[in-house]
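Participant: no FASTA, just this:
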Ligand code: ADP
Ligand code: MG
């Protein structure tokens, strides 16, 4: 068995509950076989969007296009979408085998075909030998696998996951993340997953869409979301980051990269930022530099370096594989920096230290006045 995943395009979908707008012109796209995660805090509209895709709710505006076909006129069961939600109730009076076979029986698949398909799926989810057990005789993780099996056994080309791992403890959750990803890739099933867990999103996804108050803030690869957040909301939402105010001194194109010189309070010298030419199109003076704590380095030898500045460690927490340090700069502001325990032991006590970051490890953010980008700016 192998599924050919479908493509899905969500085009400017809006949803109102009374006068409350839960989704505001949401657009996103997943290619066949892609794993797309919608990441947002509770109440941001994630479940609402999945319900609209599944056909449990109607939208007020916009289109859902699956394999180039607008599905507006299709009932939920006609859309043939696999679904796995957090409260994945298995049928308690049915065995593992019977639970998994249920969607096939509903679809009136012939008995021998059901047997073959169920055996295949049980092998895929690694539950051989447990076919005759009842749900209460399984661990939480095993029950979760059965629920996943039931969601994919009839070969749906599209799978929707609504925080399905939320009820599991951390270790089990990580194990299931890898399992789901493995099975998803093996079947080639296009998947839209929603979660508020950023680690889960970064681990599992080909593409992440960050949602806030029903508005998509950015849709990119996990790496791009992390390294090139499009606005302050995304920069602060994913991982921890330092936001430094600055003013653009100059901007020019050099070998396909935009080089921006930015005056900040870190040092008298302007900081140099290098970004892909395709990336930044704004021409504003006031900006924010987003710098990840692990990309600021302690300069061990006192030699000049691009983007260097002086600071003093005023707080530190030992985290095992690194030291999280709060560094005070001359202008009184502070930055978070990750330092290796060795370097911290050697230099941490000194009154004045020098730090630097590489020009291609910073992101410029221009939407300073707004903080959060509303609708699509680019
Ligand atoms: P999430 O899944 O991201 O936590 P939801 O999609 O469940 O968010 O909800 C988004 C917003 O819409 C929330 O503010 C919620 O209170 C509201 N909402 C959800 N369903 C309904 C409903 N049936 N009637 C009214 N408001 C709703
Ligand atoms: Mg939800």
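Facilitator: Now that the structure is in, tell me what you want to look at. Predicted model only: the values in this text are computed from it and were never measured. Ligands and ions are numbered 1, 2, ... in the order given.

Participant: Could I get the buried residue list for stretch 99-109?
Facilitator: 99-104, 109 (16 or more other CB atoms under 10 Å). (Each C-beta comes from the backbone N, C-alpha and C, glycine too.)

Participant: Go through these and flag which are in helices.
Facilitator: Those of these mapping onto helices are 99-104, per DSSP state H.

Participant: which of those residues sit farthest apart?
Facilitator: 99 and 104 (11.1 Å; CB to CB).

Participant: From the ones in helices among the buried residues of stretch 99-109, pick the one nearest residue 62.
Facilitator: Nearest to residue 62 among those, with distances taken as CB to CB, is residue 103, at 29.1 Å.

Participant: Please name the nearest non-neighbouring residue to that closest one.
Facilitator: Counting by CB to CB, 6 or more residues apart in numbering, residue 103 lies nearest to residue 154, which is 4.8 Å off, once chain neighbours are set aside.

Participant: Look at the one you found and tell me its secondary structure.
Facilitator: coil (DSSP: H, G, I helix; E, B strand; the rest coil).

Participant: Check residue 315 too.
Facilitator: Residue 315 ends up strand, using three-state DSSP.

Participant: got the end-to-end distance for stretch 124-137?
Facilitator: 20 Å (CA to CA, to the nearest Å).

Participant: Could I get the buried residue list for it?
Facilitator: Result for stretch 124-137 [16+ other CB under 10 Å]: buried residues 124-125, 127, 130, 135.

Participant: pLDDT (mean, whole number) over it?
Facilitator: Average pLDDT, stretch 124-137: 94.

Participant: which residues touch the biggest helix by length in the chain?
Facilitator: Using DSSP H, we find that the single longest helix of the chain is helix 170-187. With CB atoms under 8 Å, 6 or more residues apart in numbering as the test, helix 170-187 has contacts from 1-3, 5, 33, 35, 124-126, 140-141, 144-145, 148, 152, 159, 161, 164-165, 168, 191, 200, 203-204.

Participant: Among those residues, which ones are in strands?
Facilitator: The strands, defined by DSSP state E, take in 35, 159, 161, 191 from the contacts of helix 170-187.

Participant: Contacts only, for the first one.
Facilitator: Think residue 35. 181, 184-185, 191, 193, 204-207.

Participant: List only buried entries from these.
Facilitator: 181, 184, 191, 193, 204-207.

Participant: If we only consider those, which is nearest to ligand 2?
Facilitator: Of all these, residue 193 has the smallest distance to ligand 2: 11.7 Å, by CB to the ion.

Participant: Is that closest one bridged to anything, and to what?
Facilitator: With DSSP bridges as the criterion, residue 193 is bridged to residue 37, residue 161.

Participant: Would you mind listing what in the stretch 1-150 of the chain touches ligand 2?
Facilitator: 46-47 (CB under 5 Å from the ion).

Participant: all helices of the stretch 1-150 of the chain, in order?
Facilitator: For the stretch 1-150 of the chain, applying DSSP state H, counting those that start in this stretch gives helices covering 46-54, 96-106, 111-124, 140-152.

Participant: Flag the shaky bits of the chain, pLDDT-wise.
Facilitator: Applying pLDDT under 70 to the chain picks out residues 1-3, 279-282, 302, 367-378.

Participant: Show me the longest strand that occurs in it.
Facilitator: The longest strand of the chain (DSSP E) is strand 242-254.
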